[in-house]
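Asks: Sequence and predicted structure, then a few things I'm wondering about:
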Amino acid sequence: MEPHSPYRGPDWTPQRLMFHQNLESFAERVGLVVGLQSNGKVSQEQAYAQIRNIWKELKDSKDALLKSQKGE
């Protein structure tokens, strides 16, 4: 697993940094699931379900971070 890369956006905020880290984690986890499916360890249906759940986690984190950024 690779370490997280630094966030270098011009609009840096703690929330954007956290989402950047969540996005990197999402990509890493999806890569692992794809690797498992490619090697026959999980079915396509299982891989799809896992990726769908990982996507929902990322989307929920984005929504929560944007709310906290706006002060809601």
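Replies: Yep, that arrived.

Asks: What is the longest helix of this protein by residue count?
Replies: With secondary structure taken from DSSP state H, the chain has its longest helix at helix 44-70.

Asks: What does the pLDDT read for residue 39?
Replies: Note for residue 39: predicted pLDDT of 97.

Asks: Poorly predicted segments of this protein, please.
Replies: Residues of the chain that meet the criterion pLDDT under 70 lie in 1-5, 7, 70-72.

Asks: Any idea which residue is closest to the centre of it?
Replies: The centroid of the chain falls nearest to residue 26 when counting by Cα atoms, centre = their mean (2.4 Å).

Asks: I'd guessed it sits against residue 55; true?
Replies: Yes. At 7.4 Å, residue 26 counts as touching residue 55 under the criterion of Cβ atoms under 8 Å. Glycine gets a C-beta too; all of them are placed from N, C-alpha and C.

Asks: about what we covered before: quick check: chain neighbours aside, which residue is closest to the residue nearest to the centre of the chain?
Replies: residue 58 (4.6 Å; Cβ to Cβ, 6 or more residues apart in numbering).

Asks: Brilliant, that's me finished.
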